[in-house]
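Enquirer: Next comes the sequence, and after it the predicted model I'd like to discuss.
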Amino acid sequence: MQPVACNFTFATVVLRQTKIIATLGPATDDPAVLGKLIEAGVDVVRLNFSHGGAEIQRRRAQAVRKCAQSHKRHVGVLVDLQGPKVRIGRFRDGSIDLQEGDNFILDAELPLDQGTGERVGITYKGLVEDVRRGTTLLLDDGHIVLWVDQVRGLEVCCRVVNGGELADSKGINLQGGGLSAEVLSEKDRADIITAAEIEADYLGVSFIRSAADVNEARELFHGAGASGGVVAKIERAEAVDAIDEIIEATDAIMIARGDLGVEIGDAALPPIQKRIIKRTRECNKVAITATQMMESMIKSAIPTRAEVSDVANAVLDGTDAVMLSAETAIGNHPVAAVSAMDRVCRETEKQHETRWSRERRDIAFERVDEAIAMAVMYSANHMPVRAIAALTESGATALWMSRVSSAVPIYAMTPHEQTCRKVALFRGVYPVSFVLPGTDPAQIMRQAVDTLRSLGAVREADLVILTIGEPLQAPGGTNSMRIVRVGTLPNKN
């Protein structure tokens with residue numbers, strides 16, 4: 001794919017640092033709606049492979065690429081695998097009503113469409129091996145609570161602790177974690193091939209338990225010809241215990257608070273979210289906060305005050321991205337949801353703690369390009385710098401820079417469209433298509449400044465920090481920085 005010629009004028013907007021991920025679905029399939037989502041500020045789209053077949057997702061990916069190009073934007077694509085979601089089957093006569101004290105059986109032998117008020121089939125027969133008397137099972141995101149009385153063959157015999165209406169295909173969680181279902185199902189393996197074929201920029205892997213799960217997904221993804229990053233979705237209690245090794249193995253962490261909150265308990269979720277975001281940034285990885293961020297906007301045109309606070313707190317914690325799920329996929333107000341999230345992020349980013357940082361002063365750097373990135377950010381936070389221009393092949397230098405809080409925008413300038421889409425997820429980083437004008441570093445830096453000036457990012461006499469690697473076009477090769485004043489770089493003789 002040819003690089004997108006970016007004519008987006010940075011001077012016309014206050015740049016939002018926190019990125020917005022929007023899930024596509026029936027509500028966004030209209031090209032006009034998709035265009036409005038991109039105009040409203042979507043940076044990455046999520047294709048949820050739990051819903052819709054491969055062909056539907058292919059069409060959505062193609063539509064996004066076409067629409068983004070027409071709007072002169074770089075929009076990343078995140079393919080989110082379904083994973084081993086354990087669910088009940090369906091009921092013969094619609095939903096049922098369970099009362100406290102009722103007996104209810106999860107029957108691994110019952111056909112999935114033959115559920116009754118007394119029993120229902122389950123998608124994962126191994127459940128009978130994972131539970132015993134005294135186990136607590138949580139259905140429908142914890143709305144229904146079952147206490148396991150006994151396991152009898154392929155029947156899990158339960159007593160209802162918290163009742164209510166139970167509808168078809170609701171999820172099953174084991175309180176405290178411990179379900180042994182394999183992370184990658186056969187469907188997931190087929191979907192990984194599809195993700196590679198559509199050149200997904202990121203692959204979201206559901207119900208990760210360990211670094212080995214991340215590594216297996218990466219091998220399959222890259223083995224199918226992809227070069228995108230892997231996003232480890234933290235949804236299981238076991239993943240919290242193994243968070244350090246998972247962060248080290250992955251490119252990004254998604255705190256998927258629905259299933260995670262069910263397994264570890266809702267009260268435990270907020271401090272764990274903060275800890276994971278902090279640890280992820282410390283390890284130079286990307287953090288995504290997801291699930292129910294503006295859930296009421298599935299139907300309402302405005303968010304609740306609690307939802308506004310939730311998004312704002314994630315921004316203050318330093319998350320790279322906030323994500324909308326059903327709000328945009330099936331909601332009545334997908335564009336309004338993006339606009340509301342954009343508004344909250346921008347207002348929160350005015351706070352001092354999001355614009356200046358004392359982080360990383362006591363860390364030893366292992367790589368030259370990382371040391372250059374940190375020197376840039378220290379300088380940017382202590383000088384009246386207008387912009388940072390990171391000339392990059394892979395986006396790694398821009399990622400390191402974005403781990404340090406700053407009000408100075410980081411422009412990742414690259415000739416590679418895939419790198420542009422990749423860095424669209426990084427907090428405070430803005431992709432710019434930039435074709436090298438030659439091999440002379442001085443000429444390249446002069447052209448980089450001219451490009452930023454033409455985009456309205458800088459003006460005459462502004463200070464700009466530039467980074468570049470020599471020799472040119474070597475990934476991870478950034479080894480120099482230069483502080484220049486716009487208009488003072490000499491023209492080539």
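Expert: Right, received. Where do you want to start?
Enquirer: May I see the buried residues of stretch 303-311?
Expert: Buried residues in stretch 303-311, counting neighbours by 16 or more other CB atoms under 10 Å, are found at 303, 307-308, 310-311. C-beta here means a position set from N, CA and C on the backbone, and glycine is covered the same way.
Enquirer: what lines up beside the helix or strand containing Tyr430 in the sheet?
Expert: Using DSSP states H and E, Tyr430 maps to strand 429-433. Using DSSP bridges, the strands paired with strand 429-433 are strand 410-414 (parallel).
Enquirer: need the next SSE after the strand it pairs with, C-terminal direction.
Expert: Heading C-terminal from strand 410-414 (DSSP H and E), you reach helix 417-423.
Enquirer: Quick one: mean pLDDT for that following helix?
Expert: The average pLDDT for helix 417-423 rounds to 97.
Enquirer: Stretch 483-493 too?
Expert: 77.
Enquirer: One more: stretch 243-253?
Expert: Stretch 243-253 comes out at a mean pLDDT of 98.
Enquirer: And for stretch 213-220?
Expert: Stretch 213-220 shows a mean pLDDT of 98 in the predicted model.
Enquirer: That one: which residues count as buried?
Expert: Neighbour counts over stretch 213-220 (16+ other CB under 10 Å) mark 213-214, 216-218, 220 as buried.
Enquirer: Would you map the strands across the stretch 1-150 of the chain?
Expert: Assigned by DSSP state E, counting those that start in this stretch, the strands in the stretch 1-150 of the chain fall at 19-23, 44-48, 76-80, 96-98, 103-107, 119-121, 136-139, 144-152.
Enquirer: ditto for the stretch 201-350 of the chain
Expert: Under DSSP E, counting those that start in this stretch, the stretch 201-350 of the chain gives strands at 202-205, 229-234, 252-256, 286-290, 321-324.
Enquirer: Out of those, which gets nearest to Ala412?
Expert: For the strands of the stretch 201-350 of the chain, the distance to Ala412 is smallest for strand 286-290, at 13.6 Å, taking CB to CB.
Enquirer: ok and the closest one relative to strand 252-256, angle-wise?
Expert: Angle between the axes of strand 286-290 and strand 252-256 is 20 degrees (criterion: axes from the mean of the first three to the mean of the last three CA atoms, to 10 degrees).
Enquirer: Please parse this structure into its domains.
Expert: Taking automatic domain parsing as the reference, the chain has its domains at 18-82+182-348, 96-174, 368-485.
Enquirer: Could you give the separation between the terminal residues of the first one?
Expert: The separation between the terminal residues of domain 18-82+182-348, taken as CA to CA, to the nearest Å, is 10 Å.
Enquirer: The shortest one now?
Expert: Between the opening and closing residues of domain 96-174 we find a distance of 21 Å, counting by CA to CA.
Enquirer: distance between it and the chain's centre?
Expert: 32 Å (CA atoms, centre = their mean, to the nearest Å).
Enquirer: Bridged to the residue most central in space within the chain, which residues?
Expert: Nearest to the mean C-alpha position of the chain, by CA atoms, centre = their mean, lies Ile288 at 4.3 Å. Beta-bridge pairing for Ile288 (DSSP bridges): Met254, Ala321.
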